[in-house]
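Participant: Based on what follows, work out the 3D shape:
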Amino acid sequence: MQYEQLRALVPAPGQVPDYQACLAAFPALELAKTTPQDPRYHGEGDVWTHTMMVVDALLASPAYQAATRADQEIVFLAALLHDVAKHSTTVIDPVTGAIGQPGHSRKGSIDARIALWDAGVPFAVREAVCRLIAVHQVPFFAWEGSRRGKPAEFIARELSWQVSLPLLAMLAEADMRGRVCADAARVLDNIALFCEVARDDGCFGQPRAFADAHTAVSYFRGAEVHPDYALFQEPGSRVIVMAGLPASGKNTWVAAHYPDLPVVSFDDAREALGLRHGKNEGRVAHAAIERARDLLRQQAPFIWNATNLSELMRKKTLDLLYAYHAEVELVYLEKPRAELLRRNSRRDTSLSNKTLTGMLHRWDLPLPTEAHRVVYAV
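Facilitator: Numbers count the residues shown, from 1 in each chain. Reported below is the predicted structural model:
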């Protein structure tokens, strides 16, 4: 299934979805038919029944009907795939029988990313869909405070840099209307209140404005600063942090753009230590990090060249850099699957294509809130 065929799944005004075509396009959704849900929140039954109800509720929404065709395609695909990972995250308590699907939003965003990548969906469209899936439940609870204890205003500001809040509101509302749930009215009120917070703060439909990039990244990392007042930036290194799957062209990009800068690389550290990929990774990391610390202490500019695929791995790197007051630019690269595997098989590397393919399941892209500047060189 290719991009133009996926676009054709989105019904024209007045038409109904072809759910058989949707199932053919995304075979993983067949598993939704036999995936149970907690009846307290999903009295309608299985995940596929819920998914169809959500899509129907979305198509009936005045906001959806007034949206551009491009936005309709994004939010339609997000609604269709928003619970695609529930089948693989379902946990049933053996004592109480309680059903849960912890982490299904994040995993669903990765599953959707892989499927849409293979279908050749343009990067901006794909990531708009996947980011919506990753946070589709956040507006349910944002008014009451998230699990991180952040106020609704912070959550709205952060999400405004990551997704279209109008599209997120459409998806969240459809998700609640497309189910049988006793507290649906309360959650719909929460979504509406969250939208009002964003409108009042000027970030419903555009990223919240900040005095400068350093104020923004500091705020999103938890600093007690106001977006409208610039935070003084301590002197430090300027660091380019690379991100992307192996064989996506990071070394080539670095050589073309910054041939004279020092490079901190796990691959280089591994080679210097004479270790194969996956062997004694702790020793490799220690060597690379000590090299980075030395450059940070000198306030010298350098490149940090690694895959940095998961949010957790990037956070470890970024925490170190920001502790030394670095100014960080994140550069993300990618290539189609076939080219990636072809490149990797031709490289002098101990990383197999099988191992590389397995890395897709922790494929979280950098978000605009993570660094002073984020570049998607795709």
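Participant: what's around Ala213, how many residues?
Facilitator: Residues near Ala213, counting by other CB atoms under 10 Å, number 16. For glycine as for every other residue, the C-beta is placed from the backbone atoms N, C-alpha and C.
Participant: OK, contacts around the closest residue to it other than its chain neighbours?
Facilitator: Among residues not flanking Ala213 along the chain, His372 sits closest, at 4.4 Å (CB to CB, 6 or more residues apart in numbering). The contact partners of His372, by CB atoms under 8 Å, 6 or more residues apart in numbering, come to 213-214, 217, 327-329.
Participant: again, but for Tyr332
Facilitator: Contact partners of Tyr332, counting by CB under 8 Å, 6+ apart, are 242-244, 365-366, 374-378.
Participant: Dump these to JSON lines, plus secondary structure, distance to His82 and pLDDT.
Facilitator: Output for the contacts of Tyr332, formatted as JSON lines (DSSP: H, G, I helix; E, B strand; the rest coil; distance: CB to CB, whole Å; pLDDT from 0 to 100):
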{"residue": "Met242", "secondary structure": "strand", "distance to His82": "31", "pLDDT": "97"}
{"residue": "Ala243", "secondary structure": "strand", "distance to His82": "25", "pLDDT": "97"}
{"residue": "Gly244", "secondary structure": "coil", "distance to His82": "26", "pLDDT": "96"}
{"residue": "Leu365", "secondary structure": "coil", "distance to His82": "18", "pLDDT": "96"}
{"residue": "Pro366", "secondary structure": "coil", "distance to His82": "22", "pLDDT": "97"}
{"residue": "Val374", "secondary structure": "strand", "distance to His82": "25", "pLDDT": "98"}
{"residue": "Val375", "secondary structure": "strand", "distance to His82": "28", "pLDDT": "98"}
{"residue": "Tyr376", "secondary structure": "strand", "distance to His82": "23", "pLDDT": "98"}
{"residue": "Ala377", "secondary structure": "strand", "distance to His82": "29", "pLDDT": "95"}
{"residue": "Val378", "secondary structure": "coil", "distance to His82": "24", "pLDDT": "91"}
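Participant: So which of those residues is surrounded by the most neighbours?
Facilitator: Greatest neighbour count in those, by other CB under 10 Å, goes to Ala243: 28 neighbours.
Participant: which residues pair with that residue across the strands?
Facilitator: Counting by DSSP bridges, Ala243 forms beta bridges with Tyr332.
Participant: what residues are up against it?
Facilitator: 306-309, 314, 330-333, 365-366.
Participant: Show me which of these is closest to Ala230.
Facilitator: When these are ranked by distance to Ala230 (CB to CB), Leu330 comes first, at 21.3 Å.
Participant: Quick check: next helix or strand after the helix or strand bottoming out on mean pLDDT in the chain?
Facilitator: Lowest mean confidence among the helices and strands of the chain (mean pLDDT, DSSP states H and E): helix 266-273, at a mean of 66. Per DSSP states H and E, the first helix or strand lying C-terminal to helix 266-273 is helix 281-297.
Participant: list the helices and strands the very next helix or strand once past that next one packs on?
Facilitator: Scanning forward in sequence from helix 281-297 by DSSP H and E, the next helix or strand is strand 302-305. Using 3 or more CB pairs under 8 Å, 6 or more residues apart in numbering; DSSP states H and E, the elements in contact with strand 302-305 are strand 238-243, helix 250-257, strand 263-265, helix 281-297.
Participant: So for the second one, what gets flagged as buried?
Facilitator: It stands for helix 250-257. Buried positions in helix 250-257, judged by neighbour count with 16 or more other CB atoms under 10 Å: 250-251, 253-254.
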